[in-house]
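In: A predicted structure for the sequence below; I have some questions about it.
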Amino acid sequence: MSGERRRAGFVSRVGADLIDAVIVSVVTVVAVLGVRMFSALFAGRVFTFPKANALEGAGIVSLLFLVYLTFFWATIGRTPGKQAIGLRIVTSSGAPLSWPRALGRAAFCVVLPVGLLLAVVSRRNAAVHDLVLRTAVVYDFAPRRRSRPLALATSEGESAPAAVPAVRERTPVASIGIARPLEVGAQVTGNGHADPKSPRRDDVAPAIGSEHVERGGSTPQRPSAEGGHVSDTATADDVQVGPIDFILVEWPADHQPNGEAMPHLIDLVDRGVIRILDLAFIRKEMDGTIVRLEIADFGDDEGIMVFEGVSSGVIGDDDVDEASGALEPGATAALLVYENTWAAPFATALRKAGAQLVATGRIPTNALISALDELESANS
């Protein structure tokens, strides 16, 4: 099930709950005996084991369970029991639980624990409290930590480590530097915008240089093909840059985004096939509200965490608002802007020869397969 985080089944959830029950029971016994022991010590009485009181014991255990579940769900997203099994509690959109939702879910579990039985027959492995509070229990094994941090190239040529582990012992994922907009075959004016006489707006995009990073609000420069900078009045022919594309990938409301596909994206960057210009995660709430997510919102998923801090600011609020129009309510999405560096020499040669891009498109894979099948059938 690549592309989504698999929901935990009934057996895994029961196993985690049993571990939590043992922990809470041990804490309850130790706490009760400790209180009675100190009470007898300070009162000058001989300590005796308390008489069993089922109602009192159930009340104490229930209260401790309520506090235990709420605290761990709201702070780290999992109890010790669920961490031992490799599970995590998230909202239906994949976000961490808030304190009110964690408290409500904990109260539901304490008062109506039999609601978990619905997970046996539910197609989405959802218990009653999951349906009521729009939560999910997903598999989320703690990733192995790497010793080498992700490095970004700075404008001085030094390496500035980011506080995240790299997926593999490789070169950096991307070096971020913001450049002026650029269009194939267009004249770039002093304000950084392409001449409006250019035939297409789709090709306008920032060119991110791998040689530097502009930070702290300084005015970004455009890198030339030789690694230097070009003036704002230079033409597109002076810059070797490939076509700029974007993709918007959606995870439905009941799916949790994860980093399973990210190693393939990093591999494309490592091999020089593409260059990442910007990456943004957004969520469309059920009421249509758009929320821009931070990398930290996805917990400790290593595949996503490797991109923490790697942002150029190319994707603005207007872009996010426009992209959200394609999303279903409750969905989470990743908006990726990238340069096709593999095509940069070809595109540059065409521009210098006086050619310009007048049309572009993408053929759906299913349409191509259908066309090939029809052609094969016609020739057979």
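Out: It's in.
In: so where does L335 fall, helix or strand?
Out: Under the criterion of DSSP states H and E, L335 resides in strand 332-339.
In: strand partners of that strand, parallel vs antiparallel please.
Out: In the sheet, strand 332-339 lines up against strand 244-251 (antiparallel), strand 275-284 (antiparallel) (DSSP bridges).
In: Which one of those lies nearest to P50?
Out: strand 275-284 (50.3 Å; CB to CB). (Glycine included, C-beta is placed from N, CA and C.)
In: so for the closest one, what's the average pLDDT?
Out: Strand 275-284 carries an average pLDDT of 90.
In: Just the buried residues of the following helix or strand past that strand, please?
Out: As assigned by DSSP H and E, the chain's next helix or strand after strand 275-284 is strand 290-293. Using 16 or more other CB atoms under 10 Å as the test for burial, strand 290-293 gives L293.
In: pull the helix or strand with minimum mean pLDDT from the protein.
Out: Of all helical and strand segments in the chain, the minimum by mean pLDDT, DSSP states H and E falls on strand 181-182, at a mean of 32.
In: still on that earlier bit, residues making contact with the strand holding L335?
Out: 93-94, 205, 207-208, 241-251, 255, 257, 265, 274-284, 293, 314-315, 319-320, 323-324, 327 (CB atoms under 8 Å, 6 or more residues apart in numbering).
In: Only whichever of those are buried, select them in PyMOL.
Out: Command for PyMOL that selects the buried part of the contacts of strand 332-339, burial taken from 16+ other CB under 10 Å:
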select buried, resi 93+94+205+207+208+241+242+243+244+245+246+250+251+255+257+265+274+275+276+277+278+279+280+281+282+283+284+293+314+315+319+320+323+324+327
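In: Within the helices and strands, which one has A21?
Out: helix 10-43.
In: Low-confidence bits of the stretch 151-300 of the chain, can you list those?
Out: By pLDDT under 70, the weakly predicted segments of the stretch 151-300 of the chain are 151-239.
In: got the residue ranges for the helices in the chain?
Out: With helices called from DSSP state H, the chain shows them at 10-43, 54-75, 80-85, 99-111, 118-121, 128-133, 262-270, 302-305, 317-324, 344-352, 365-379.
In: Pull the residues that contact stretch 278-289.
Out: By CB under 8 Å, 6+ apart, stretch 278-289 touches 93, 95, 253, 257, 290-295, 297-298, 307, 310-315, 320, 323-324, 327-337.
In: what do you get if the cut-off is 7 Å, keeping everything else the same?
Out: For stretch 278-289, the external contacting residues (CB atoms under 7 Å, 6 or more residues apart in numbering) are 93, 290-293, 307, 311-312, 314-315, 320, 323-324, 327, 329-337.
In: Which strands and helices lie in contact with the helix holding A21?
Out: The contact analysis (3 or more CB pairs under 7 Å, 6 or more residues apart in numbering; DSSP states H and E) places helix 10-43 against helix 54-75, helix 80-85, helix 118-121.
In: measure stretch 283-300 end to end?
Out: For stretch 283-300, the first and last residues are 19 Å from each other (CA to CA, to the nearest Å).
In: no, scratch that, I was asking about stretch 119-139
Out: Span of stretch 119-139 from end to end, CA to CA: 15 Å.
In: Nothing else from me, thank you.
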